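Colleague: A predicted structure for the sequence below; I have some questions about it.
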Amino acid sequence: MIGFLIQRLLQAIAVVFVMSLIVFVGVYAIGNPIDILIDPAADQALREALIRQYGFDQPLPVQYLTFLGNMLTGDFGESFVYRLPVLDLILSRLPATLELAVSAMVIATVVGIPLGIWAGYKPEALSSKLIMGFSVLGFSVPTFWVGLLLIMVFAVELGWLPSGGRGPTQEVLGVELSIFSLEGLSHIALPAFNLALFKLGLLIRLARAGMVEVMSSDFVRFARAQGLPERQVVSLHVLKNIAIPIVTVFGLEFGSTLAFAVVTETIFTWPGMGKLIIDSIMVLDRPVMVAYLILVVILFVTINLVVDLTYGQLDPRIRTKGAA
Amino acid sequence: MMKSFALAGALAAGLLAGTALTTQAEAQTLTIGVRAGPESIDPHWSTLGSHAEALRHIFDTLVGVDENLQLVPALATSWTPVDDTTWEFKIREGVKFHDGTELTAHDVKFSIERIPEVTGPMSMTIYTKRVAEAIVVDDYTLHVKTNGPAPTLPNDFIRLFVVQDDIGMEPRNEEFNSGEAAIGTGPYTLVSWEPKGDLVLERFDDYWGGAPHWEAVIRKEIPNDPARVAALKSGQVDMINYVPATDYAAMLRDSSVETFIGDSVYILDIYFSFVDDLPIKVQVDGQEIDENPFQDARVREAFDLAINRDALVRVVLEGLGKPANQLMPPDFFGGSMDLPEREYDLERAKALLAEAGYPNGFEIDFQCTNNRLPGDAAVCEALGQMWARAGLTVNAEALNGTVFFPAVSRREYSMWMSGWGTLTGEASYTYGSLVHTNDPEVGLGAFNRAGYSNPALDALIQEAAAELDDDRRAELFKEVTEISMNERILIPTVQLQTVWAAKPDFLEFTPRIDQETLAHHIQPAK
């Protein structure tokens, strides 16, 4: 177990280094942020002075090593645009994104898995065909388009829900959250559903596929032959066996929802991390971009770790292999 | 901090109540959906227009501008040159900061000196670079010594925000953002702000210019265009800025919104590279050639004559623009009212190309931005098609500004289009930057990426830039404008217009040419 954790940690560190290098070289290749930020009234001397002040005159390896050195001491630098420590800036957006991602995952799971199980249990029923049709829609229609449609219908035409922004926040266990008020919920409803739609489609199909496969397996037939009631067959034997692929996808999808809720956050003006990263890319705010991607790497590594540990709980064979 | 959150919450709640039931409270709160907001509450951090626009609510500038960018008294009631290198500013008496202390010349001097210490990558020092020394003569008189004659110093000071002289020289961003250090003399006080979030303001009753109408103002940052329009239509905000042209066309038929249109300072200009060795070579019949056709004035004129500006405005910009014949609106200081409108003459364009030795035209790449100004990519692609009718093959390529601007500064393009706004309202800003030879010695021509150089014109620009007599200076710059435009050093195409939209019969608003949306200049509808 300890060995497994150490191995994961080393992997994470390696990925962080590679990511930071790729981002750094990529941004360097685009060019100098000063050329985007500078005011047209500036003269040549001012431009040179600014380039020197921010260290953009140094060769790439020197710039990278300086950055790396600072990062190792926990200093990700200050945002060029906001003059705030990058880590504080990103972490201040985390609760908003987390709230949105968790709500989306809850919607996708609570709705998607039962629908998928039903569709797999009664594959020929009309309701199942409707569910499958909906799931295809869920992941083939672009997020931004659905987002705009939701705004047009529920905010502009019907006026039921706000078109964007986040509701008033209140402090819950030291974190500013908005989902504990009715108004907050009204703000999160549309973006959360928009973000959930793709995952909803995915989970329906996964649950259905697993269900169809397991229902035709020998042990289900034996269980039925034993005379076990149908409910017990499904809940005890079938669900446990379809859980592993669902947990894997759930974990990865949760990670990508957190990291890349960009489109939804932009359309619904949700003040989360995705919107921050887009704003930062637009002005090549390098410290924010690099720090954000590094946080994403850490996030994915953590989620994968949790997923692996959950496997062990679900399937004893994996547990014994891991221990060996 | 807690208090400000509570107040923000109360304001937001009040707003919601206001949108549901039309109450008296609604008339007292103005909610604006803006495309961009400030980067910090420190007014000396950034020169960005959206930064200045937001902070004008909290702080005042030494010199003001009216809706046409012409100078008007603000914290300074007058400014006069005392000698060639000294300006005297008379400071308004009886102006109160938000904490009740009175404004004096010491605060102004401190603000000038603070800028170089705390400014960021969009450096405010462009506004103080002519200042050699600021001297307090008495509490209400300030002398500013300049390094050489500086006739445009008052124009520079339209962005000189005045802060209190006891806040210290070091950057104190977090204290500004939390409101602790955000003490200005402006019409509103800061309630709360977070980066890219809402800016919440409360009326300052002791404002020297008379208390503004709205008791509370909330500026919500909604950068996404469709989202901003939806926020207005769903009643979340009372007003929005930068309505996209496509939505404007629909709004004209929609009685649930009212639109306001104003000219902007932004003009889309075409740049040609004048260097001997073009970074992207011109092709004739599929063969790269070594010479640079843009050095020939006839070729530049042919490109100009092949532009149908009326079609650009009517079709491409949905009517939201005006044909341009110079780099700034003609009535700005130093512009020319005598320049004729640009002609559209395809036959003459073809003849000129043939005369210059390109009877079958040539092929060239043409770059522009796709996210900087409304309609930039559409205009650029339409231009490519217009030139095709004159026999030219112009490959228009619209790029994100993040890619475009660094490449332009590395001089990687042979021909490109970029927007330029004369934000100081006078010609030295524009012609000094774009037309003068790129000369770091005199600090002019910094944005002359085309490599154009004309010593006679340079001498004229330098003479004009040092002339303190306003009439004479206007005359000299008019000459600079006419020579540059007749030479077609770069080609202006269209002047863009800006659209605001609001709930119908809710407010009265006069568009400003600098595109600013200022709550204290907005009145309720009668």
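Modeller: Thanks, I have it. Residues are numbered from 1 along each chain as shown, chains lettered A, B, ... in the order given.
Colleague: show me where pLDDT drops low in the stretch 151-300 of chain A?
Modeller: Residues of the stretch 151-300 of chain A meeting the criterion pLDDT under 70: A:260.
Colleague: spell out the residue ranges of the strands in it.
Modeller: A:170-172, A:175-177 (DSSP state E, counting those that start in this stretch).
Colleague: what's the most buried one of those?
Modeller: strand A:175-177 (a mean of 15; mean count of other Cβ atoms under 10 Å in any protein chain shown). Placement of C-beta: from N, CA and C, glycine included.
Colleague: can I get the strands of the stretch 151-300 of chain A in JSON lines with distance to B:Glu39?
Modeller: Shown next, in JSON lines, are the strands of the stretch 151-300 of chain A (distance: least, Cβ to Cβ, whole Å):
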{"stretch": "strand A:170-172", "distance to B:Glu39": "26"}
{"stretch": "strand A:175-177", "distance to B:Glu39": "22"}
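Colleague: can you count the residues close to the nearest residue to B:Lys196 once chain neighbours are set aside?
Modeller: Excluding its sequence neighbours, the residue lying closest to B:Lys196 (Cβ to Cβ, 6 or more residues apart in numbering or on different chains) is B:Glu221, at 5.4 Å. Other residues near B:Glu221 number 25, with proximity taken as other Cβ atoms under 10 Å in any protein chain shown.
Colleague: please apply the same query to A:Val297.
Modeller: Around A:Val297 there are 20 residues (other Cβ under 10 Å).
Colleague: thinking it is in contact with A:Val15, fair?
Modeller: Yes. Assessed by Cβ atoms under 8 Å, A:Val297 is found in contact with A:Val15 at 5.1 Å.
Colleague: show me what contacts the residue in chain B positioned nearest to chain A?
Modeller: Closest residue of chain B to chain A, Cβ to the nearest Cβ: B:Pro406 (2.3 Å). Listed by Cβ atoms under 8 Å, 6 or more residues apart in numbering or on different chains, the contact partners of B:Pro406 are A:Ile30, A:Gly31, A:Asn32, A:Asp35, A:Ile36.
Colleague: okay, now the nearest residue to it once chain neighbours are set aside: neighbour count?
Modeller: Setting aside the residues directly before and after it, B:Pro406 is nearest to A:Gly31 in space (Cβ to Cβ, 6+ apart), at 2.3 Å. Using other Cβ under 10 Å, A:Gly31 has 21 neighbouring residues.
Colleague: what's the pLDDT at A:Gly31?
Modeller: In this model, A:Gly31 is scored at 82, pLDDT.
Colleague: so where's chain B uncertain?
Modeller: In chain B, residues with pLDDT under 70: B:1-27.
Colleague: wait, isn't B:Phe89 in contact with B:Leu62?
Modeller: Yes. Counting by Cβ under 8 Å, B:Phe89 touches B:Leu62, with 6.6 Å between them.
Colleague: what touches both of these two?
Modeller: B:Ala76, B:Val108.
Colleague: chain B contacts on the stretch 101-250 of chain A?
Modeller: A:148, A:151-152, A:155-156, A:159, A:162-165, A:168-169, A:183 (Cβ under 8 Å from any Cβ of the partner chain).
Colleague: run the last query once more with 6 Å
Modeller: Within the stretch 101-250 of chain A, the residues that sit near chain B (Cβ under 6 Å from any Cβ of the partner chain) are A:Leu148, A:Ile151, A:Ala155, A:Val156, A:Pro162, A:Ser163, A:Gly164, A:Pro168.
Colleague: narrow the residues you listed to those in helices?
Modeller: Among these, DSSP state H puts A:Leu148 in helices.
Colleague: generate a ChimeraX selection restricted to the buried subset of the residues of the stretch 101-250 of chain A next to chain B.
Modeller: In ChimeraX syntax, the buried subset of those is picked out as below (16 or more other Cβ atoms under 10 Å in any protein chain shown):
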select /A:148,151,155,156,162,163,164,168
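Colleague: please report how far the residue nearest to B:Lys196 lies from A:Asp39.
Modeller: 21 Å (Cβ to Cβ, to the nearest Å).
Colleague: equivalent analysis for B:Ala297, please.
Modeller: Taking Cβ to Cβ, one finds B:Ala297 at 31 Å from A:Asp39.
Colleague: likewise B:Glu202?
Modeller: With distances taken as Cβ to Cβ, B:Glu202 is found 31 Å from A:Asp39.
Colleague: likewise B:Leu327?
Modeller: Counting by Cβ to Cβ, the gap from B:Leu327 to A:Asp39 is 17 Å.
Colleague: neighbour count: the two, which is higher?
Modeller: Legend: neighbour count by other Cβ under 10 Å for B:Leu327 and A:Asp39, higher for B:Leu327 (25 against 20).
Colleague: how far away is A:Ile281 from chain B?
Modeller: In this view, A:Ile281 and chain B are 7 Å apart by Cβ to the nearest Cβ, to the nearest Å.
Colleague: B:Ile167: what's it in contact with?
Modeller: B:Ile167 is in contact with B:Ala181, counting by Cβ atoms under 6 Å, 6 or more residues apart in numbering or on different chains.
Colleague: torsion angles phi and psi at it?
Modeller: phi -90, psi -10 (degrees, to the nearest 10).
Colleague: what of B:Thr61?
Modeller: phi -100, psi 160.
Colleague: tell me where the stretch 351-500 of chain B has helices.
Modeller: B:376-389, B:401-409, B:427-434, B:455-465, B:470-487 (DSSP state H, counting those that start in this stretch).
Colleague: among those helices, which is nearest A:Tyr311?
Modeller: helix B:401-409 (41.8 Å; Cβ to Cβ).
Colleague: can I get the closest one in CSV, CA atoms only?
Modeller: C-alpha atoms of helix B:401-409 as CSV (Å, rounded to 0.1, in the frame of the first residue of the first chain):
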residue,chain,number,x,y,z
GLY,B,401,-5.1,38.8,-30.6
THR,B,402,-2.9,36.6,-28.4
VAL,B,403,-1.2,35.3,-31.5
PHE,B,404,-1.5,38.4,-33.7
PHE,B,405,0.0,41.1,-31.6
PRO,B,406,3.3,39.4,-30.7
ALA,B,407,3.8,38.4,-34.3
VAL,B,408,3.2,42.0,-35.5
SER,B,409,5.8,43.2,-33.0
